[in-house]
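Q: dropping the sequence and predicted coords here.
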Amino acid sequence: MKLKKAALMFVTAAALAANTIPAFAMGFVHADGGTKYDWGDGNYCTGNWVRRNDHWYYFGDDQLMRTGWIQRDNTWYYAADTGELQAGIMNINGNVYYFDKQTCKMVTGLHEYDFDAYNFTENGVVGDSPYVNERWDSNGNLLYGQKNHVRGNI
């Protein structure tokens, strides 16, 4: 009887000790103020990019995932409300922009789209602009149309 009681106490103590060791899983973590990315060791992505399931995400110095306009290294990017960087032709707040399909960086200067050349600036295209079915706001919210899932290279 004493042996069974000692064994039960040992198993109970082992189970309690196992529960005090934190377990971390790599991936997105919903936190106060937004979404963070845990590297799997309890540390969060800070001021850097994460590539997950062939999509790129950016996390600021506060460790929160960014959406909408993102400026990094003097380059502009745009992320949907779910955090994925977007690329291609986009209408954001009524202005038309082009984001490189490989790097997801905003393109400025002359760029050919749909067999016509357009002058893209930081404020959108100058003059006539190509038709864009999707409409976005500055925060990454799709107002009209269908979101494209972009898999670029940063």
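A: Okay, I see it.
Q: if I look at the residue positioned nearest the centre of the chain, how far off is residue 43?
A: Nearest to the mean C-alpha position of the chain, counting by CA atoms, centre = their mean, stands residue 57 at 2.5 Å. Distance, residue 57 to residue 43, using CB to CB, to the nearest Å: 16 Å. The way it works is simple: take the backbone N, C-alpha and C, and place the C-beta from them, glycine included.
Q: and the strands in this structure?
A: Listed in chain order, the strands of the chain (DSSP state E) span 27-31, 34-38, 48-52, 55-59, 68-72, 75-79, 88-92, 95-99, 109-113, 116-121, 124-126, 135-136, 142-144.
Q: can you put those strands in a markdown table and add mean pLDDT?
A: Putting the strands of the chain into a markdown table (pLDDT from 0 to 100) gives the following:
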| stretch | mean pLDDT |
| --- | --- |
| strand 27-31 | 92 |
| strand 34-38 | 95 |
| strand 48-52 | 94 |
| strand 55-59 | 95 |
| strand 68-72 | 95 |
| strand 75-79 | 95 |
| strand 88-92 | 92 |
| strand 95-99 | 93 |
| strand 109-113 | 91 |
| strand 116-121 | 91 |
| strand 124-126 | 85 |
| strand 135-136 | 89 |
| strand 142-144 | 88 |
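Q: residue 58 contacts residue 85, correct?
A: Yes. With contact defined as CB atoms under 8 Å, residue 58 reaches residue 85; the gap is 7.4 Å.
Q: who touches both of the two?
A: Each of 70, 77, 79 lies in contact with both residue 58 and residue 85 under the rule CB atoms under 8 Å, 6 or more residues apart in numbering.
Q: need the buried ones from the residues you listed selected in PyMOL.
A: Applying 16 or more other CB atoms under 10 Å to these leaves a buried subset, and the PyMOL line that selects it is:
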select buried, resi 70+77+79
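Q: out of the shared contacts of residue 58 and residue 85, which one sits closest to residue 53?
A: Residue 53 has its nearest neighbour among those in residue 79, at 14.7 Å by CB to CB.
Q: ok, the closest one - contacts?
A: By CB under 8 Å, 6+ apart, the contact list for residue 79 reads 57, 58, 66, 67, 68, 70, 85, 86, 140.
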